[in-house]
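Undergrad: Just the structure for this:
(chains A and B)
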2 protein chains.
Amino acid sequence: MAQQHLEPTDPRSGHVGPPGPTGDALAGYLRAQATEFLRALRQHRDPGGTAAGAQDPVDAARALRRSVRRISSCLHTFRPLLDPDWSESLRPELAWLSGTLGMEHAYESRLERLLLALHRLSGAVFPTHTVVPGPDRGNLTVGAAKAGALLDRRLTLARTRAHSTALQALGSSRFHAVADSIAVLASEVPLTRTAVTTDLHPLATAAQERLEAAVTTLPLVTAGSPYNAEALVHGLSPDPSPHPQDAPWHQVRLLLRLHRYAREALTGGDPAVEVRLLTAGQALDRHRDASEAAAEAAAAARTPRIAPATAYALGVLHADQRHEVEAARFAFQQCWQKQTVNT
Amino acid sequence: MAQQHLEPTDPRSGHVGPPGPTGDALAGYLRAQATEFLRALRQHRDPGGTAAGAQDPVDAARALRRSVRRISSCLHTFRPLLDPDWSESLRPELAWLSGTLGMEHAYESRLERLLLALHRLSGAVFPTHTVVPGPDRGNLTVGAAKAGALLDRRLTLARTRAHSTALQALGSSRFHAVADSIAVLASEVPLTRTAVTTDLHPLATAAQERLEAAVTTLPLVTAGSPYNAEALVHGLSPDPSPHPQDAPWHQVRLLLRLHRYAREALTGGDPAVEVRLLTAGQALDRHRDASEAAAEAAAAARTPRIAPATAYALGVLHADQRHEVEAARFAFQQCWQKQTVNT
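TA: You can find the predicted model right below:
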């Protein structure tokens, strides 16, 4: 690990005491992430490989996305320490790759979430880690079964398309250029001339301050009051973009991730703080997933010529997912409040 | 007031200290309620009357129901102190009267609740104490407007029928017999021979114990955990009677009322305790109202040949009202917990 020699100083207190991590530590972190990317790429191309730590393609794809997110985040947070031409040309490519590789998984987990909700709303009980129920199995009403079948058709089609797009992307010259850049990064990080001795703390602190400023714009008082009924307030709105209220939460989710990865680069992560950040991040992931699942239920209900019973089930499902959105905001508020009290 | 001479003893501590209220106090309470009934009945028959305290027919009908509920509750709780033939013959008649007089108001407030929810779900904002929006006004989607119109038709029809039924009831010989019984009650309460000197506390305590036993059967741990998603768990169930989970809460609502009226008869009500009981009761009223509104939305969605957009809006509305059910349970849990801690 590149971080093992670092002092465990608090990255939020500015640079006080013994010399903290500099651009040297950043270079070590980026090299480690680039190496992880190359390993995951080999696994992805040779899923039957007998090498130690062999992963299935799904895990390999997840590991690819994981390292791409971290490299991309550090390019953003520590931009002044990196060669500007190089980082400005690589960042959009990483965003493209991350987006392309993530779509298949997103559609798959959205379908899983919606089918599980349909079964839950039908009073069925599943043990944890169960096989996801098919849309037509179990004790569903006609409406719930038809809604499940419709969502299955829509999201399976979208997932199949996303799979093809990802395969095409991985075979493209655009991807090979990104992979080549990351291969270079694994051995040589293009730092600026002064970066090796520049303290990382001010840039990491700036990332944290951007997060905290964004959190102050959230309606946390409302979110902390259970059953505030805020998330469904546009549930039947004629507005074609019905949930602008979700946007600031999505923004905080991204800024929280930037903050978390910056901490990783600096300290390797203080376990106690990392758990709290992870929990807060999971609440925001759930917020995003429920928001998108609710939008999918609403979009499916606009399918021409569906039966009223199907539309009714999709309406119940939409509202259920919007309440999940509200529940996720409550969970984030509780977690964030605890964090603020403890630090 | 018949209660003004009573000691403010705690009705839950049994009979300790100075002599507490006896059957004599009960007789005073029943006479006062019967007098209130007769006054409300005069107001109801002569709504244009210039007598002091003249009320509109809606207020008069509410006052009628209010006194009927209290008389009926006391007949139940203090049954051993009352002439059994008389009380056993009057109680079903009071239940019939209370039910018949309450239906019109129930349909009216259910429609009001559902139309307000439709507008809230459409992102419209109303000041408090606003005129209830019509189903077709405001910035509704086609689906929400059609759902509102459908609910308006169904519930206005039901309300009109309930109004006719109530008018017929008030002109019936069955009603005149009840009114005559209550007129007698206003001057002479048929107590048993020993009732005048019998302590009311044991019977009032028994009513409280029935309430407390019923509350222990409620899933209060779940209810106190926000966003437990329990109330919607049968939202799409094929079960024709989808919400048996509501029944124990409805039962507690009735037992809480019996307890509250028994306290009134004993003490005239300790204001601090009464506020807590009222708040708990209001949460349970809201639970009942939301439960019935959710059922109405589900029933309306089964109307043949409705548009999918209408059915979708009704699905959202159903889920919204089931979340109101869950929110009401949370409110009751919070209130009850506070009550238990404080006593």
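Undergrad: Domain-wise, how is chain A divided?
TA: A:21-197, A:200-343 (automatic domain parsing).
Undergrad: from the ones you listed, which stretch is densest packed?
TA: Comparing those by mean neighbour count (mean count of other C-beta atoms under 10 Å in any protein chain shown), domain A:200-343 ranks first with a mean of 19. In this view, the C-beta of every residue, glycine as well, is placed from N, C-alpha and C.
Undergrad: hmm, back to that, let me have the domains of chain A in JSON lines, extended by mean pLDDT and distance to B:Ser73.
TA: Formatted as JSON lines, the domains of chain A follow (pLDDT from 0 to 100; distance: least, C-beta to C-beta, whole Å):
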{"stretch": "domain A:21-197", "mean pLDDT": "89", "distance to B:Ser73": "35"}
{"stretch": "domain A:200-343", "mean pLDDT": "91", "distance to B:Ser73": "31"}
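Undergrad: what packs against the helix or strand hosting A:His105?
TA: Secondary-structure element containing A:His105, defined by DSSP states H and E: helix A:84-121. Using 3 or more C-beta pairs under 8 Å, 6 or more residues apart in numbering or on different chains; DSSP states H and E as the contact criterion, the secondary-structure elements in contact with helix A:84-121 are helix A:57-77, helix A:142-171, helix A:173-187, helix A:271-301, helix A:308-342.
Undergrad: Keeping just the C-alphas, turn the helix or strand that the shortest one is followed by into CSV.
TA: The first helix or strand that comes after helix A:173-187 along the chain, using DSSP H and E, is helix A:201-216. Written as CSV, here are the backbone C-alpha positions of helix A:201-216 (Å, rounded to 0.1, in the frame of the first residue of the first chain):
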residue,chain,number,x,y,z
HIS,A,201,-4.5,18.7,2.9
PRO,A,202,-5.7,22.1,1.6
LEU,A,203,-7.2,20.4,-1.6
ALA,A,204,-8.7,17.6,0.4
THR,A,205,-10.2,20.2,2.8
ALA,A,206,-11.6,22.1,-0.1
ALA,A,207,-13.4,18.9,-1.2
GLN,A,208,-14.8,18.5,2.2
GLU,A,209,-16.0,22.1,2.4
ARG,A,210,-17.8,21.7,-1.0
LEU,A,211,-19.6,18.7,0.5
GLU,A,212,-20.5,20.5,3.7
ALA,A,213,-21.7,23.6,1.8
ALA,A,214,-23.9,21.4,-0.4
VAL,A,215,-25.4,19.6,2.7
THR,A,216,-26.4,22.9,4.2
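Undergrad: For the residue nearest the centre of chain A, which non-adjacent residue is closest in space?
TA: For chain A, the residue lying nearest the average C-alpha position, counting by C-alpha atoms, centre = their mean, turns out to be A:Asp285 (6.2 Å). Taking C-beta to C-beta, 6 or more residues apart in numbering or on different chains, and ignoring the residues beside it in sequence, A:Asp285 has A:Arg253 as its nearest neighbour in space, at 7.0 Å.
Undergrad: hang on, the earlier thing: which of the helices and strands packed on helix A:84-121 sits closest to A:Leu38?
TA: helix A:173-187 (6.0 Å; C-beta to C-beta).
Undergrad: Now find how far off-centre the closest one is within its chain.
TA: Remark: helix A:173-187 is offset 23 Å from the chain centroid, using C-alpha atoms, centre = their mean, to the nearest Å.
Undergrad: Ok, stretch A:312-332 next?
TA: The chain centre lies 19 Å from the centre of stretch A:312-332; the measure is C-alpha atoms, centre = their mean.
Undergrad: measure A:Thr279 to A:Gln339 for me?
TA: Distance of A:Thr279 to A:Gln339, computed by C-beta to C-beta, to the nearest Å: 9 Å.
Undergrad: ditto for A:Ala149
TA: Taking C-beta to C-beta as the criterion, A:Ala149 is separated from A:Gln339 by 43 Å.
Undergrad: same question, A:Ser225
TA: The separation that A:Ser225 has from A:Gln339, given C-beta to C-beta, amounts to 19 Å.
Undergrad: likewise A:Leu254?
TA: A:Leu254 sits 18 Å away from A:Gln339, going by C-beta to C-beta.
Undergrad: same check, this time on A:Pro308
TA: Applying C-beta to C-beta, one obtains 46 Å for the distance of A:Pro308 from A:Gln339.
Undergrad: next one: A:Leu114
TA: Using C-beta to C-beta, one obtains 31 Å as the distance from A:Leu114 to A:Gln339.
Undergrad: No further queries at this time; thank you.
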